[in-house]
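Enquirer: sequence and predicted structure below; questions after.
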Amino acid sequence: MGASASKIKFRESLTSLISRDVSPDDAEFWDELWKIPSSADEVFELLTPDNARRLRDERFDNLATLFTQATAQLCQIVETPYTIYFDQALNCVRVLTRVLPFLLEKGDLGEGDPNVEALCWGDHADGSAAGSKTSRRHNYKDDDDEEDNQEQEPLALLVVHAAMHMLFLPQFTCEFYEEDDENDSDDDSDGSFDEDEEDEEQNKNVLTEKKRAAKADKEAQVEAGLGKPRRVRKGVRLTPHPAGIVWAPGVGFTNDGKCSTGYRRPGKNKTKKVLHPEAAYTRKYDKNRIEVLRLLLATCSDPLFSPADEYNPLASRWMSVAVAADAPNAPCLFYSLLNTVISYDPSNSSFGGVPYSSKLASDSHVKLVDLSAQVLCVLLDCGLSGNPLPMVNQYGEPVVSLSEAHKRGFNIFRVLLARISEGKDLNTLYRGFVRLLRHTFESKNTLLPSSQSKLECYQEILILLWKALEENPLFLDFILTRCDVCELVVPICYLMYTSRQDASKIGMVHLCTFILLKLSGERSFGVSLNRPFRTKLPCDLPLFSGSHSDLISITLHKMIVNGSYRLVPLYSCFLTVVCNISPYWRSMSLVSSVKLVNLFELFSSPKFLYSGEKAYKNLALLLEIFNNIIQYQYNGNQHLVYAIVRRKDAFGRLASLTLPKAVQQCSKAFPAHLQPEYDADAAEREVATLSIQNVDEKGNPITTADSREDKSSKRAEILSKSWESNEDKVASVGSSVARVKERFTPSESWLAELRSSLPLETVNRLLQHLVPVVDEMCDCQNGVVDETEILEVFKDITMVGLLPVPHAIVIRKYQPNQYTSIWFTAFMWGVVFLRCQQPPIFDVECIQLFQVS
């Protein structure tokens, strides 16, 4: 049958399903439907959203038969994976991928429909016999549950389990493998090598290096409070089994196909030899993997149909099945998705990195990388955080206790991410993130314009980076103490800088800000940023000679003065990042110094200072930045000191502010017929859900007046508003202003609060001592003084005994909570929705998690 004839036949079959009742016993019709050759694009083109909803609402029995038979066929192909049925299985996968989102519109988190409930979660006789057996294969071992459970399993569980089985189906999505005994997955490459006489010395060096790395890993785990692994008798194994079916090398795997996760059992002294290491990771099944991953993504799309203020990460039974302890091949899937993403090199994706080769080839592996990142983000988003405390069974294998695995909200993928502990795996993970994110600007720095393909999934990479920082307690410490974290800072700043005015990237700028805020809460991050910045970025970044601290400062300054108005709620976050790193900033560049003092003038101007009752908080952060540098890093920061001296009037006006003057300036800045362009109070309400904890350098909490404020009413207000999509997550300033009921007017209490909140004493003492010095120099040289001479004088001046007693360093750390969790869920699904448009897996009409404009 030709392509056009099969397309016509498929259209006729769909028309019959929509227009008339088709009996489940009409074997001729159904067999012909599944055997019609069709592509994913044809299925999505012919089965339009309107037709899918008509089928669901008007011919539900037909949809039930379609869903039941497709699921049964997938279960059957898992049990008997004959290649002659693979095309028919792909047809089932494509049809299920198309209809599932429309079922979920009325599923657990959607409107709710008894027919959908009965179909997905009721008992079914058709196809369940094969399905029940299939869904229980490769489940975790529990001797107490070995009795065969003959109860019929729901179709929802069967389709999710079938999809996870099909991702590792021999000759369909992976190579042939043998069902090895459990000892086969115990091989550990650590300390295992052939003792050839010629290589004995080399092997000794390798063993010594591995012992040193193992010692460092143990010390890091103890420092993170994880301690030694706890031994349990039974548990859910976290090692991939069989290991040979993982798609790509990387975390937990070597380039020759060996699994390095877990521990060796007694009696196992050698790593099992891989006969064909070049075939250990093949890409020839990428197209089939893409099809099945789309189906798995469709089964997990429940959150899209829940309003943000009602979203419950534990409510979706579909996602609970996908991340449960007995999910088939879960460890293999986790390592496959993660390694497929982090092992990808976009600069060498096709034809060995030949320029413009990406224009000539349609690389299905790129699509697999994109989809792997999206599916992994989704699987890591639901349920509860994984327990990073190590547990092992009697053989030394990493496991999860059965009591923990049976808890509601358990997510095996989050546990697997939290349990990555070996230094080489953490390094592999970090190097993958760095390579992918740096490609966002390196691809534009080539001699030949547009000669390298762009990395389209950089937003998903940022989400995975955030998940790794949040879930794994060892990862953050590892990248700060054993890696060059500046390699990560550069692409993050680049993405923020180039996206500052792009409405579709506002959510990504938020995520980058949160990552910097998370990192800046650690002392070692601020110290590491003193490394010189020499990277050439393909953007209009001002030229400067300085460190990576300067890069962050200049980038965030640009976000404030030349960014979208939708970034207004992030102003305090920007300044908090700079404030966290300021005590360790050894030498600030001239450009950064001028821009920070310019920000002080901007935020102390009447249009900002009187835009809201709490508008002075940005000034307080800027003054704390200046105080940190003056008190702790005076030597080497003459540029900032000179910039402060040159703008001494701005500090003087603030110090001498009186109530009559404040009222006069406010009335002049905001006449009766005008509303403020920037409303500080509205911006504060937008970020009221962001938890920041004040701590000292040792991590001990510091209680302040601000931290004692009750923000429950503010959070309730934020949560009551509908979250917007990736393009419209932050309410515009205009809408924020519209919510202001009364215009702010300065009062005595406000002025008293402002004076008590602004730490001006250190800067005033500095000015009192240095301004006369500069004036004297000017008088001696008739007002013509070179700036270099002034800076040299400042180097020789000591401020010991002239400044107040140094204040305690305060570090503001990001604290996760349920409100930011909802924001990340909405942002993540916004990215997935926008990136899954070819073919369009999700239809916009019934999406409630965010708004799409």
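Expert: Thanks, I have it.
Enquirer: now for Glu32: which residues touch it?
Expert: Contacts for Glu32 (C-beta atoms under 8 Å, 6 or more residues apart in numbering) come out as 9, 13. All C-beta atoms are positioned from the backbone trio N, CA, C, and that covers glycine.
Enquirer: next up, phi/psi of it, please.
Expert: phi -70, psi -40 (degrees, to the nearest 10).
Enquirer: how close does it get to Ser6?
Expert: Counting by C-beta to C-beta, to the nearest Å, the gap from Glu32 to Ser6 is 11 Å.
Enquirer: same check, this time on Gln815
Expert: Distance from Gln815 to Ser6, by C-beta to C-beta: 56 Å.
Enquirer: please identify which of those two sits among more neighbours.
Expert: It is Ser6, of Gln815 and Ser6, that has more neighbours when counted by other C-beta atoms under 10 Å, with 16 against 11.
Enquirer: in this structure the more buried one contacts Ser39, no?
Expert: No - look at Ser6 against Ser39 with C-beta atoms under 8 Å: they stay out of range, at 9.5 Å.
Enquirer: excluding covalently adjacent residues, which one is nearest to Arg653?
Expert: Once flanking residues are discounted, Arg653 sits nearest to Ser604: 7.2 Å by C-beta to C-beta, 6 or more residues apart in numbering.
Enquirer: and if you look at Ile552?
Expert: Cys493 (6.2 Å).
Enquirer: just the pLDDT for the one you found.
Expert: Cys493 carries a pLDDT value of 97.
Enquirer: so after whatever helix or strand it lives in, what's the next helix or strand?
Expert: Assigned by DSSP states H and E, Cys493 belongs to helix 486-498. Later in the chain than helix 486-498, the nearest helix or strand by DSSP H and E is helix 506-520.
Enquirer: got the CA coordinates for that following helix in PDB?
Expert: Provided in PDB are the C-alpha atoms of helix 506-520 (Å, rounded to 0.1, in the frame of the first residue of the first chain):
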ATOM      1  CA  ILE A 506      11.500  35.700  31.300                       C
ATOM      2  CA  GLY A 507      11.000  32.300  33.000                       C
ATOM      3  CA  MET A 508      14.500  31.200  32.000                       C
ATOM      4  CA  VAL A 509      15.900  34.500  33.500                       C
ATOM      5  CA  HIS A 510      14.100  33.700  36.700                       C
ATOM      6  CA  LEU A 511      15.700  30.200  36.800                       C
ATOM      7  CA  CYS A 512      19.200  31.500  36.100                       C
ATOM      8  CA  THR A 513      18.700  34.000  38.900                       C
ATOM      9  CA  PHE A 514      17.700  31.300  41.300                       C
ATOM     10  CA  ILE A 515      20.700  29.200  40.300                       C
ATOM     11  CA  LEU A 516      23.000  32.100  41.000                       C
ATOM     12  CA  LEU A 517      21.200  32.800  44.300                       C
ATOM     13  CA  LYS A 518      21.700  29.200  45.300                       C
ATOM     14  CA  LEU A 519      25.400  29.200  44.500                       C
ATOM     15  CA  SER A 520      26.000  32.600  46.100                       C
END
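Enquirer: other SSEs contacting the next helix or strand after that helix?
Expert: The first helix or strand that comes after helix 506-520 along the chain, using DSSP H and E, is helix 523-528. Applying 3 or more C-beta pairs under 8 Å, 6 or more residues apart in numbering; DSSP states H and E, one finds that helix 523-528 contacts helix 473-481, helix 571-581.
Enquirer: pull the longest helix from the protein.
Expert: Looking across the chain with DSSP state H, the single longest helix is helix 200-223.
Enquirer: that one: which residues count as buried?
Expert: For helix 200-223, burial by neighbour count (16 or more other C-beta atoms under 10 Å) applies to 210, 217, 220-221.
Enquirer: likewise stretch 314-334?
Expert: 316-334.
Enquirer: do the same with stretch 645-660
Expert: 645, 647-648, 650-651, 654, 657.
Enquirer: tell me where the stretch 501-650 of the chain has helices.
Expert: All helices of the stretch 501-650 of the chain, identified by DSSP state H, counting those that start in this stretch, fall at 506-520, 523-528, 548-562, 571-581, 590-604, 606-609, 617-632, 638-646, 648-655.
Enquirer: then the stretch 751-853 of the chain?
Expert: 761-780, 787-796, 818-835.
Enquirer: quick one: the shortest one to helix 761-780, angle?
Expert: What that stands for is helix 787-796. 130 degrees (axes from the mean of the first three to the mean of the last three C-alpha atoms, to 10 degrees).
Enquirer: other SSEs contacting helix 787-796?
Expert: If contacts are counted by 3+ C-beta pairs under 8 Å, 6+ apart, helix 787-796 sits against helix 638-646, helix 761-780.
Enquirer: give me the distance between the first one and the centre of its chain.
Expert: What it means is helix 638-646. 39 Å (C-alpha atoms, centre = their mean, to the nearest Å).
Enquirer: in it, what's buried?
Expert: 638-645.
Enquirer: and for the last one?
Expert: Buried positions in helix 761-780, judged by neighbour count with 16+ other C-beta under 10 Å: 762-763, 766-767, 770, 774.
Enquirer: is Phe334 in contact with Val415, as I believe?
Expert: No - shown here, Phe334 and Val415 do not form a contact pair, counting by C-beta under 8 Å, at 9.4 Å.
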